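**Student:** Next input, structure requested:
(2 chains)
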2 protein chains.
Amino acid sequence: MTDSSDTLGVVTPQTMNFDVALPLQSGAVLRDYTLMYETYGTLNAARDNAVLICHALNASHHVAGVSPSGDVGWWDNMVGPGKPVDTNRFFVVGINNLGSCFGSTGPMHLNPETGKIYGADFPFVTVEDWVDAQYRLMNALGISQWAAVMGGSLGGMQALAWSIRYPAALRHCVVIASTPKLSAQNIAFNDVARQAILTDPDFHGGHFYEHGTLPRRGLRVARMIGHITYLSDDDMAEKFGRDLRERDDYGFGYGVDFEIESYLRYQGDKFADYFDANTYLLITKALDYFDPARLFEGDLSRALASTQAQYLIASFSTDWRFSPERSREMVQALVKNRRTVSYAEIDAKHGHDAFLLNDPRYHNVVRAYFARISGELS
Amino acid sequence: MTDSSDTLGVVTPQTMNFDVALPLQSGAVLRDYTLMYETYGTLNAARDNAVLICHALNASHHVAGVSPSGDVGWWDNMVGPGKPVDTNRFFVVGINNLGSCFGSTGPMHLNPETGKIYGADFPFVTVEDWVDAQYRLMNALGISQWAAVMGGSLGGMQALAWSIRYPAALRHCVVIASTPKLSAQNIAFNDVARQAILTDPDFHGGHFYEHGTLPRRGLRVARMIGHITYLSDDDMAEKFGRDLRERDDYGFGYGVDFEIESYLRYQGDKFADYFDANTYLLITKALDYFDPARLFEGDLSRALASTQAQYLIASFSTDWRFSPERSREMVQALVKNRRTVSYAEIDAKHGHDAFLLNDPRYHNVVRAYFARISGELS
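**Tutor:** Here you go, the predicted model:
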């Protein structure tokens, strides 16, 4: 996988089983579990070129390349040969988090304690729990320190948590379009989405698998709400405005009038087809609960006092979900601790989703940062 | 009702029946209908001191004073003796719109064509349809011209529509926290809310009355979504932040963890208890459809060319639902038409809801404006 073309080609996911119980922040214990992951590029002899990529709400271990079933990785524009995170130089690991619905142990798997599908009984997992599981994978892969841990949005929270929880285990921490904690408004959006799912009669208290149902209505509404917060007002205005969908006049009905309605309903339908409702609930709670400053009376700089990594923090001007102000809070708390921080506030119109898109200014920032890391390798 | 105390006391709503068919913008016709309204103060001999107050999504004719059942009017801080809209000087009319669930003819009433409850068969109504119905009430009350038509949010759209549709029927037009049209993001939020209701199994295509059900789940989620957009991010942060609700630690469950969750769920539950789902759908469509510039190739100044009124436009700095920028669009289009416009952009932290609150700077603007109108009376 160190070829010089710009594609990784087909990548096959791998799994690793862990039979040492994982204690979770909730007090529950995951007795054994499987993590699904992918790797791109080659671990060098010094084993110092490994980069961990953490995923956000609805993504997975499949970061780059093409899956056996033909799906392009969610950050394929960022990770690959010659790309900002250059797999000709770095050994990149993508990992699926516990509780997800894309391969690692999650609510749709069998609970070894009961022999039944977990469903709603899958334990709550936090950002820190995920990091603990990722740490074990790191050890199992024979890596003692990441060149960098990187993520956007919820993935950025994991990167930040790595730098707090395992300070010596990473040299660089790359946190994009993220926040040190959710605001009341962020929690509010998550809770409405959860309520849509929890009150869907087909949810059956999370045991819908047993009932042969799917809480599609709830998931659909949840995804529509989420999607609004991923896009900027301006971007939505530019893409959709008040354009009518395949009609010249108002329909005076509850079908589709406007393009934006068609787009959102389509996104909702698609999501309800492939995403697990219990996973959605678990991940939104992990988002809500993330707040490393909480144990330090809300003082983020104290929470970051133990860190040793260098940081790249990036935010996007029109991101109203996790606005630049949230990134600046992290920068300030790190600077207060005299950490080395690069901060980029990128003027981009695509809102929160910008972190997934191929914006040249943004990618150049990441490219330059990883070129610097590359220069430090053995 | 011209006493000098600061309260209107108990106000009894009135009804008026109309048996001349009302043609609606959808092409449908409302054969006969009833409007519920309230009045405060006394119409003067010249009949030139009447002010019409138009309501927003979930309000009613009960603008001020106390209802026989003890409810204080929704704009009681604005309208009353000695208040900004001073009922010692003005004869104020509050009216409930067609399609509402608070007294005027709406989806829960009998359809005279079928002898059955309208339900989903109640015709779509637009802002302009409401204004047409209000115009008939004006005539029936023996008023030929309003001193002012005033409203906030959707109520402001009605005031604006009055000035376009019946230019000679009002001298002043007061448009608060409003917009000349919804943005794609506004429509998106409305559509998600509608989808929550429409897909609630208890909605039964809008004929839930016949089924003895109420689509409470959908209404609850719809209201929670709406409520997020009424508050500013900062205000929510200040009021709720990440405070936990009656607990010291995270609950690791789907009950209430955070105060903001408790607040929103409570708002949703309350709303589902009293609001009609068909009304909610109808009113959000009226919001989506409002766009007076649409018949003028999107040119708002052309849409406003026929107007004769003077305007007070007010917006609130933290209102992200209908931001100050939307109000400025109206101001610019009016100025282009050489209309007399007063514009106030009020620095207030309460987001869209600020228009309902008692902010001294805001109330002083309205008070001064109505004092000026008062000086013009016979």
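**Student:** Pull the residues that contact the helix or strand hosting residue A:342.
**Tutor:** Element membership for residue A:342 (DSSP states H and E) is strand A:341-346. Residues from elsewhere that reach strand A:341-346 (C-beta atoms under 8 Å, 6 or more residues apart in numbering or on different chains): A:310-317, A:324, A:327-328, A:331, A:334-335, A:354, A:359, A:361-362, A:365, A:369. In short, each C-beta sits where N, CA and C put it, glycine included.
**Student:** Paired strands for it, with orientation please.
**Tutor:** strand A:310-316 (parallel) (DSSP bridges).
**Student:** For the partner strand, buried residues please.
**Tutor:** Buried residues in strand A:310-316, defined by neighbour count with 16 or more other C-beta atoms under 10 Å in any protein chain shown: A:310, A:311, A:312, A:313, A:314, A:315, A:316.
**Student:** Over to residue A:308. Which of the three states is it?
**Tutor:** coil (DSSP: H, G, I helix; E, B strand; the rest coil).
**Student:** List the contacts of it.
**Tutor:** Contacts for residue A:308 were tallied using C-beta under 8 Å, 6+ apart; they are A:163, A:167, A:168.
**Student:** where does it sit relative to chain B, distance-wise?
**Tutor:** The gap separating residue A:308 from chain B is 27 Å, by C-beta to the nearest C-beta, to the nearest Å.
**Student:** For that residue, what are phi and psi?
**Tutor:** phi -130, psi -10 (degrees, to the nearest 10).
**Student:** Tell me how many other residues crowd the spatially closest residue to residue A:370 that is not a sequence neighbour.
**Tutor:** Excluding the flanking residues, the one nearest residue A:370 by C-beta to C-beta, 6 or more residues apart in numbering or on different chains is residue A:85, at 5.5 Å. Using other C-beta atoms under 10 Å in any protein chain shown, residue A:85 has 27 neighbouring residues.
**Student:** repeat for the one 4 residues further on
**Tutor:** Burial of residue A:89 is recorded as 22 neighbouring residues (other C-beta under 10 Å).
**Student:** Can you give me the distance of it to chain B?
**Tutor:** With C-beta to the nearest C-beta as the criterion, residue A:89 and chain B are 40 Å apart.
**Student:** returning to what we had before: wait, which of the buried residues of strand A:310-316 is closest to residue A:93?
**Tutor:** residue A:312 (18.2 Å; C-beta to C-beta).
**Student:** got a list of what that closest one touches?
**Tutor:** Residue A:312 makes contact with A:172, A:173, A:174, A:175, A:341, A:342, A:343, A:344, A:365, A:366, A:369, according to C-beta under 8 Å, 6+ apart.
**Student:** Repeat that for residue A:358.
**Tutor:** Contacts of residue A:358 (C-beta under 8 Å, 6+ apart): residue A:77.
**Student:** Confirm that it sits in a strand.
**Tutor:** No - assigned with three-state DSSP, residue A:358 falls outside any strand and is coil.
**Student:** before we move on, the earlier item: now the element after the strand holding residue A:342, going C-ward?
**Tutor:** helix A:360-375.
**Student:** packing partners for that next one?
**Tutor:** strand A:85-86, strand A:146-152, strand A:170-176, strand A:310-316, strand A:341-346 (3 or more C-beta pairs under 8 Å, 6 or more residues apart in numbering or on different chains; DSSP states H and E).
**Student:** residues of that helix that come out buried?
**Tutor:** A:362, A:363, A:365, A:366, A:367, A:369, A:370, A:373.
**Student:** Show me which residues of the stretch 251-378 of chain A are close to chain B?
**Tutor:** The stretch 251-378 of chain A comes close to chain B at residues A:252-254, A:257-261, A:264-265, A:268, A:281, A:285, A:288-289, A:291, as judged by C-beta under 8 Å from any C-beta of the partner chain.
**Student:** picking up where we left off before, now a PyMOL select for only the buried ones of the contacts of residue A:308.
**Tutor:** Buried members of the contacts of residue A:308 can be picked out in PyMOL with the line below, counting by 16+ other C-beta under 10 Å:
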select buried, chain A and resi 163
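**Student:** mind putting the contacts of residue A:308 in a markdown table, pLDDT, secondary structure and distance to chain B included?
**Tutor:** Listed next are the contacts of residue A:308 as a markdown table, based on pLDDT from 0 to 100; DSSP: H, G, I helix; E, B strand; the rest coil; distance: C-beta to the nearest C-beta, whole Å:
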| residue | pLDDT | secondary structure | distance to chain B |
| --- | --- | --- | --- |
| A:163 | 98 | helix | 21 |
| A:167 | 98 | helix | 24 |
| A:168 | 98 | helix | 28 |
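**Student:** picking up where we left off before, with the buried residues of strand A:310-316 in mind, which one is nearest to chain B?
**Tutor:** residue A:315 (15.6 Å; C-beta to the nearest C-beta).
**Student:** And the pLDDT for that closest one?
**Tutor:** Among the per-residue scores, residue A:315 shows a pLDDT of 98.
**Student:** same check, this time on residue A:251
**Tutor:** We have a pLDDT of 97 for residue A:251.
**Student:** which residue packs closest to it, ignoring adjacent ones?
**Tutor:** That would be residue A:257: by C-beta to C-beta, 6+ apart, it lies 5.1 Å from residue A:251.
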